[in-house]
Structure formats: C-alpha cells, structure tokens
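[1] here's my sequence, what's the structure:
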Amino acid sequence: METFKLKASLILVAILLFADCLNVEGQICRPSGTIRGKKPPPGECNQDNDSDCCKEGQLYTKYKCSPPVSSHTKAYLTLNGFEKDEDGGAPSECDNHYHSDDTPVVALSTGWYSKGSRCLNNITITANGRSVVAMVVDECDSTMGCDSVHDYQPPCRNNIVDASRAVWKALGVPHGQWGGLDITWTDA
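    Below you'll find the model as predicted:
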C-alpha cells in the first residue's frame, strides 16, 4: 500500500510539473523588483520626445517579462529618437548603429525583445485605423534605468513599443498627439 501511495504521489507531482511548464506562456507578467531613482547630473537626462528623467528617491518598477505575444498583442506606443544625441542614448542594441527618424524602427520592452531574438525582424503595428511595418533595432530596458547607460530615464514598462517618428507618421497620428498611444502589434 505504501508503494502505491508513493508512486501515485510521484505521478501527481510529475503531472503538475508538466502542466505548469505548459502554462508558462499564459502566465501574467509580474514585477521583478524596483529601482530607486537618482537625480541625474545637470544636462545628463535628454528630455527630447517628452522623455521622463528619474526623480531622486522615487521607486520605479522593473520587469524581466512582457505580456504574451499574440496576433493582436496590446501595447503602449511611445516616441523615441534613434539618431545620435537623441533621447534613445547609445546606438541600437541589434546592430550598434543609429537610425534615421524617417525610418520605421522600434525598441521593444525587455520581455518582447527576448534577448535579441526579434533583432532586425519586422513587426506590424496597428492603431488609428492604420498599420505600419517597423524593424526591431533595440531594447527598451524594463530591468534597469536611472543611470548614465539609460540616460537617467526610468525603466520601460513591460508593454512598450518605443517607435521612431516615421511610425507615428505612418499611423496618421497628428503631431500634437505624439508621445503615447494604445496599439496592437504582432510579428510580421
């Protein structure tokens, strides 16, 4: 009888572990911690495109994950400069180059960036009754921020598609409304 109970328990544990492994993609992305803001040195936080600068002592949420990708993944579109000396900071992670604001390119939140697995691949962004294809060239870091590497900007939220001006133009968003927009996207 004891052997039966042990075997049944082991089988139950194996089934639960297997079911949990299958469910990983559908799990909700939860915060992975916080970062305490530091006041940027004078002139060190580029606020082009209405970028935020970290505030001394404020806690900023960080994420290692993003919501699951689907055929219509909900996200929040933000505006980023990918040219040298703009708020994007350093050259793009994917190719170590700067990109023209007239080219439809994006940076994805850390989870969607997926350690570079989407680098130089296209995504289709839909909003405002229009769609545009843009190339992934960078990560919008959801795990770090408030330092010189990140231009003293807070970590990105886990649902960000940070886009060049060309993307905003292609979506037909009036210039005065650029900066934040609910969108959907999918791999192209």
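[2] sec struct for T61, please.
    Per DSSP: H, G, I helix; E, B strand; the rest coil, the secondary structure class of T61 is strand.
[3] what is the neighbour count of it?
    The number of residues packed around T61, counting by other Cβ atoms under 10 Å, is 15. For glycine as for every other residue, the C-beta is placed from the backbone atoms N, C-alpha and C.
[4] kindly provide the distance from it to P31.
    Distance, T61 to P31, using Cβ to Cβ, to the nearest Å: 5 Å.
[5] do N80 as well
    Taking Cβ to Cβ, one finds N80 at 23 Å from P31.
[6] more neighbours, these two?
    Under the criterion of other Cβ under 10 Å, the comparison of N80 against P31 puts N80 first, with 26 against 12.
[7] quick check: closest non-adjacent residue to the more buried one.
    D162 (4.2 Å; Cβ to Cβ, 6 or more residues apart in numbering).
[8] so which strand or helix has the one you found?
    strand 160-163 (DSSP states H and E).
[9] who does that strand pair up with?
    Partners of strand 160-163 in the sheet, by DSSP bridges, are strand 73-79 (parallel), strand 105-109 (antiparallel).
[10] all helices of the protein, in order?
    Ranges of helices in the chain, per DSSP state H, are 2-22, 110-113, 165-170.
[11] rank those helices by pLDDT, which is bottom?
    Here the lowest mean pLDDT among the helices of the chain goes to helix 2-22, at a mean of 47.
[12] scan the chain for its longest strand.
    When the chain is scanned for its longest strand (criterion: DSSP state E), the result is strand 130-140.
[13] what comes into contact with the strand holding D162?
    Outside of strand 160-163, the residues within contact range by Cβ atoms under 8 Å, 6 or more residues apart in numbering are 75-80, 88, 104-109, 112, 123, 125, 134, 138, 140, 142, 156, 183, 185.
[14] next, count neighbours for A134.
    Neighbourhood size, A134 [other Cβ under 10 Å]: 21.
[15] pretty sure it is touching N121, no?
    No. A134 is not in contact with N121 according to Cβ atoms under 8 Å; the separation is 10.2 Å.
[16] list the buried residues of stretch 59-66.
    Of all the residues in stretch 59-66, those buried under the rule 16 or more other Cβ atoms under 10 Å are 60, 62-63, 65-66.
[17] also stretch 98-116?
    Within stretch 98-116, the residues that count as buried by 16+ other Cβ under 10 Å are 98-99, 101, 104-114.
[18] and which of those is nearest H175?
    Comparing those against H175 with Cβ to Cβ picks out D101 as the nearest, at 12.7 Å.
[19] can you tell me how far the residue nearest the centre of the chain sits from C140?
    Against the mean C-alpha coordinate of the chain, by Cα atoms, centre = their mean, the closest residue is S109 at 1.0 Å. With distances taken as Cβ to Cβ, S109 is found 5 Å from C140.
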